[in-house]
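>>> Pasted the sequence and its predicted model underneath.
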Amino acid sequence: MRNLSKISPDWWDYTTLDRDILDAAAKLTLEDLPKLQRKGFKINVFDTLQEFYAAEALEYVEVFQKATASNPCGVCGPIGPTEQLPIVAQIVNSLGISLKHAHFWGMDEWLVDGKAAGRDFPLGFQKADRELCFDRICRELAIPEENLHFPTENPEEYMKSFDEFHCMLMQGGQGETKHWAFNDPVQRLGQYAENPPTPEEYLKLHTRIVKLHPITLIQNARTSGGGTVQNVPTQAISVGPVETWKCDRVSIWHPGHHDNPFGQRLSTYMIANRIADSAVPMSLLSLHPDVTFNFYRGGFGVCDVEMH
C-alpha cells in the first residue's frame, strides 16, 4: 500500500511517493539542470525576470506569426503566469502582427454554481486573458472572437476545436500539486483507494469538470486572492491530457512563486528520469515527445533549512 498523504489523507499527492525520490529531487542544484536534459526534454534558465517573461511572450508571438488561412494555428495558454500577457499585446501592436488566422485556447476555468465563470467573476481566467492581453490588441490586428476557445461546463465544442485547428504550443505553469492546468491528483476513493490511476488511465482523461485538491485551493487563494480561500471555487473545468497530447509542444514556466523550490525540482527530476506517476500529474509529461521547462534563476530557491 502506498503512503498516505501528509497533507490531505483523502487525496493522492506527491507526499505519497517513495522517500528516495523526494530526497533525490531536493538535492538538485541549478548546476545540475543542464545534465537533466534529454531528447524530448529541454531546460532553459533565465537570469532576469524581464528575460523570462519576454521569452514566454515571444513563444505566443512566434506561433501567431505562423498562422495563415491554410494553417490556422495557435497557443493554449495559462493563467499563472500572467505577466507575459500584456507583453504579447505590446509586441503584436508594435510590430503590426495580424492575428486574423491565429487561435488561442484558455486551458482552464473556474466552475461557479454549475457554470463556467463569467467575465464578471473576479478570479475568472477568461476575464484575465481578455483584460491582460486580447482586449489590449488593436482592433485591426485582433484575434477574431470565434478563434478564442475557452472551456465551459459543456466542453464538447472546446474539445472538438483541438481537432479542427492546430495547437502548436501549450504553455503552462506548475501548481503546488504539480499540476498543469487543473489536472490535479485524484481523491483516494473507490478503485483509487489503494493506488492512484496508472499513467495510462490518467492520460485518457479529456477536458472535464474536476474537483480541486485542497493544496490547489490554498495556492490559488495565496497567488490570486491574498489568501482569501473563501473566494476560491472548489471545482473547475480543465483541459485534459488527451488535448495536451494534440499539441506539438508543451512549455512550462517556473517564475518561482506558483510552486516552491522543492516542487520545481521534483517535477524536473521525475520528467528527466521518466518517472511517471499520476500522484504528481506534471510527471506524466515525461511521456510527451516535446517538453520544455523554463526557470527564473532567482526563483529556483533552495531546499535548505531557513527559519523565518
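Arrived safely.
>>> Okay, buried residues for the helix or strand of the chain with the lowest mean pLDDT please.
When each helix and strand of the chain is scored by mean pLDDT, DSSP states H and E, helix 214-225 comes last, with a mean of 91. Residues of helix 214-225 classed as buried: 214-216, 219-224 (neighbour count, 16 or more other CB atoms under 10 Å). Bear in mind the C-beta positions are built from the backbone N, C-alpha and C, glycine included.
>>> quick one: average confidence on whatever helix or strand comes next after it?
Sequence-wise, the next helix or strand downstream of helix 214-225 (DSSP states H and E) is strand 235-238. Mean per-residue pLDDT for strand 235-238: 98.
>>> Identify each buried residue in strand 235-238, please.
236-238.
>>> Now the element after it, going C-ward?
Trace forward from strand 235-238 with DSSP H and E and the next one is helix 241-244.
>>> distance between that following helix and the chain's centre?
Relative to its chain's centre, helix 241-244 lies at 12 Å (CA atoms, centre = their mean, to the nearest Å).
>>> now do stretch 127-139
Here stretch 127-139 is found 20 Å from its chain centre; the criterion is CA atoms, centre = their mean.
>>> got a list of contacts for it?
Residues outside stretch 127-139 that contact it (CB atoms under 8 Å, 6 or more residues apart in numbering): 77, 79, 82, 85-86, 88-90, 92-93, 99, 104, 106, 117-121, 142-143, 148, 150.
>>> hmm, try it at 7 Å
79, 82, 85-86, 88-89, 92-93, 99, 106, 119, 121, 142-143, 148 (CB atoms under 7 Å, 6 or more residues apart in numbering).
>>> Also stretch 1-8?
11-13, 15-16, 194-195, 214-215.
>>> Output those as TSV; include the columns secondary structure.
Supplementary listing: those in TSV, determined by DSSP: H, G, I helix; E, B strand; the rest coil:
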residue	secondary structure
Trp11	strand
Trp12	coil
Asp13	coil
Thr15	helix
Thr16	helix
Glu194	coil
Asn195	coil
Pro214	helix
Ile215	helix
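>>> neighbours of Glu164, just the number please.
The burial count assigned to Glu164 is 10, neighbours taken as other CB atoms under 10 Å.
>>> Could you report the distance from it to Asn147?
Counting by CB to CB, to the nearest Å, the separation of Glu164 from Asn147 is 11 Å.
>>> which regions of this protein sit below the pLDDT cut-off?
Judged against pLDDT under 70, the chain has no low-scoring part.
>>> now the helices: where do they sit in it?
For the chain, helices defined by DSSP state H occupy the ranges 19-26, 49-64, 84-95, 125-132, 156-164, 199-202, 214-225, 241-244, 261-272.
>>> Now do the third one: distance to the chain's middle.
Spelled out, that is helix 84-95. Centre-to-centre, helix 84-95 and its host chain are 21 Å apart (CA atoms, centre = their mean).
>>> Likewise for the fourth one?
From the chain centre to the centre of helix 125-132 is a distance of 16 Å (CA atoms, centre = their mean).
>>> Farthest-apart pair in the contacts of stretch 127-139, please.
Across the contacts of stretch 127-139, the longest distance by CB to CB is 27.1 Å; it joins Asn93 and Phe121.
>>> Look at these two and report which has more neighbours.
Just comparing Asn93 and Phe121: by other CB under 10 Å the higher neighbour count belongs to Phe121, 17 against 14.
>>> what sits against the more buried one?
110, 112, 127.
>>> Look up how far Gly74 lies from the nearest residue to the second one once chain neighbours are set aside.
In other words, Val112. Nearest residue to Val112 in three dimensions, chain neighbours excluded: Pro233, at 5.5 Å (CB to CB, 6 or more residues apart in numbering). Pro233 sits 27 Å away from Gly74, going by CB to CB.
>>> Fine by me, thanks again.
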